[in-house]
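In: For reference, the sequence and a predicted model appear below.
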Amino acid sequence: MSQTAVLVWLSAASVLPTFRADLDAFAHSRLLRLEAPRENAAPYRVATSAYAPDAVAQIESSLEEARNAAGSLEQSRALAALERAERVLREHPELPQSAWLMAEILEQSAEVENSAPEGADAATALRKRAAVLEGPRAAPFTDRAPEGETELARTQRVNVEGLEPGDSLEWDGVKTQPAFTAAPGDHHARVTRAGRLLWAGWIETTAREPSIRLPVPETIACSADDIGRSSFAAGRAVPAAHARCESYVLARARLGGIEAALCERERCGKVVIWEHAQEATASAPASKKTIWPYAIAASAGALVVTSLVLWRTGVFDQSNPTTREVWVFNGQKQMGLGF
């Protein structure tokens, strides 16, 4: 009874049909049925773009409107524009510059609040929130007296959980490890896997709960994310780190055939060099003759082809050769030798 195994083709996809017969013959010799890798975990907001330029344009337009309104002492219009910018930004957490844009919204809101007779406390609170996202800003050049530096909140150790091995974490626009230091407050995070955005959002850290679990989709077993980083190196099959697939075949094209290896999770067997010999083109003789001369010739031909295969793979040139198998397949019979 045949078992299924996922095929990981490490050569160009365009040449796969050329070597399909060799792959099928290799799988048949192992009682396997090859199938395509499973679908990866769905990217974040698969129905939309991973980056929303229209949303960025709306936010920047609202920020510009708020600056102009504040300069004209139209505080209510300025605050309305800033609220509109924040609403759009929270609807699009996939933007990599989200932390910076939010800090800019908070800083402009602080400027508007500070112009009110009793808005100093509200302005200070807004600047603290902005500093949590982007750190302290350089003092601007102005003819007004300095308002004093914003007191930064004390940082603490933050542990981000829920990531898969190989995932990339961006915290407030900066790539970081899952354990780092940050001030308590509102933060922005993005998680990518193999260059694809899988999760993005706004989260709040507190001094009481330094650990945060993000709802990042798990890697699907036997998908490209799971086993796509497998490779061949120095005559060996190297499985992907932390692979979960129970059965998969690494294969790639080579002159006259393929190289293949059967793997299970984080362990791969020895590499098999599967050579496809050309079938004889000579027609059979009309008269009846004894079969033993042809059997001798066929055996000799198979030995010659096998010797050429071994010489081309460098077995005779290695002082300490890697253990591999060489198979010669002539369309009717196959020979297997271990080295």
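Out: Yep, that arrived. Numbering: from 1, shown residues only.
In: in the stretch 201-339 of the chain, which segments are predicted with low confidence?
Out: For the stretch 201-339 of the chain, the stretches flagged by pLDDT under 70 are 277-339.
In: Does anything pack onto the host helix or strand of residue 190? Which helices or strands?
Out: Under the criterion of DSSP states H and E, residue 190 resides in strand 185-193. Here strand 185-193 touches helix 98-114, helix 120-134, strand 168-171, strand 196-205, going by 3 or more CB pairs under 8 Å, 6 or more residues apart in numbering; DSSP states H and E. From N, CA and C alone the C-beta is placed, and that goes for glycine too.
In: Which helix or strand lies directly C-terminal to the third one?
Out: It refers to strand 168-171. strand 174-176.
In: export the helix or strand that that following strand is followed by as PDB, just CAs?
Out: Toward the C-terminal end, the helix or strand that comes next after strand 174-176 (DSSP H and E) is strand 179-182. Extracted as PDB, the C-alpha positions of strand 179-182 are listed here (Å, rounded to 0.1, in the frame of the first residue of the first chain):
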ATOM      1  CA  ALA A 179      12.300  39.600  24.400                       C
ATOM      2  CA  PHE A 180      13.300  43.300  24.800                       C
ATOM      3  CA  THR A 181      12.800  46.300  27.000                       C
ATOM      4  CA  ALA A 182      10.000  48.900  26.400                       C
END
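In: isn't residue 273 right up against residue 259?
Out: Yes: the pair residue 273 / residue 259 is scored as a contact, 5.7 Å apart, by CB atoms under 8 Å.
In: partners of the strand holding residue 190, with directions?
Out: strand 168-171 (antiparallel), strand 196-205 (antiparallel) (DSSP bridges).
In: tilt between the last one and helix 120-134?
Out: With axes from the mean of the first three to the mean of the last three CA atoms, to 10 degrees applied, the angle from strand 196-205 to helix 120-134 works out at 140 degrees.
In: Now do strand 196-205: distance to the chain's middle.
Out: 16 Å (CA atoms, centre = their mean, to the nearest Å).
In: out of the strands paired with strand 185-193, nearest to residue 3?
Out: Among these, the nearest to residue 3 by CB to CB is strand 196-205 (30.5 Å).
In: which residues are in contact with the closest one?
Out: Strand 196-205 has contacts (CB atoms under 8 Å, 6 or more residues apart in numbering) with 40-41, 43-44, 50, 90, 93-94, 98, 156, 158, 167, 182, 184-192, 212, 214-217.
In: So for the strand holding residue 190, mean pLDDT?
Out: If you average the pLDDT over strand 185-193, you get 95.
In: just checking, residue 179 touches residue 158?
Out: Yes: at 7.2 Å, residue 179 counts as touching residue 158 under the criterion of CB under 8 Å.
In: For the helices and strands packed on strand 185-193, give me CSV that also has distance to residue 22 and mean neighbour count.
Out: Listed next are the helices and strands packed on strand 185-193 as CSV, based on distance: least, CB to CB, whole Å; neighbours: other CB atoms under 10 Å:
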stretch, distance to residue 22, mean neighbour count
helix 98-114, 50, 22
helix 120-134, 56, 19
strand 168-171, 37, 18
strand 196-205, 32, 17
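In: Secondary structure element holding residue 157?
Out: strand 156-161.
In: Can I get that strand as PDB, trimmed to CA atoms?
Out: In PDB, the C-alpha atoms belonging to strand 156-161 read as follows (Å, rounded to 0.1, in the frame of the first residue of the first chain):
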ATOM      1  CA  GLN A 156      10.600  47.000  31.600                       C
ATOM      2  CA  ARG A 157      11.300  43.600  30.100                       C
ATOM      3  CA  VAL A 158       8.700  42.500  27.600                       C
ATOM      4  CA  ASN A 159       8.300  39.000  26.400                       C
ATOM      5  CA  VAL A 160       6.300  38.400  23.200                       C
ATOM      6  CA  GLU A 161       4.800  34.900  22.800                       C
END
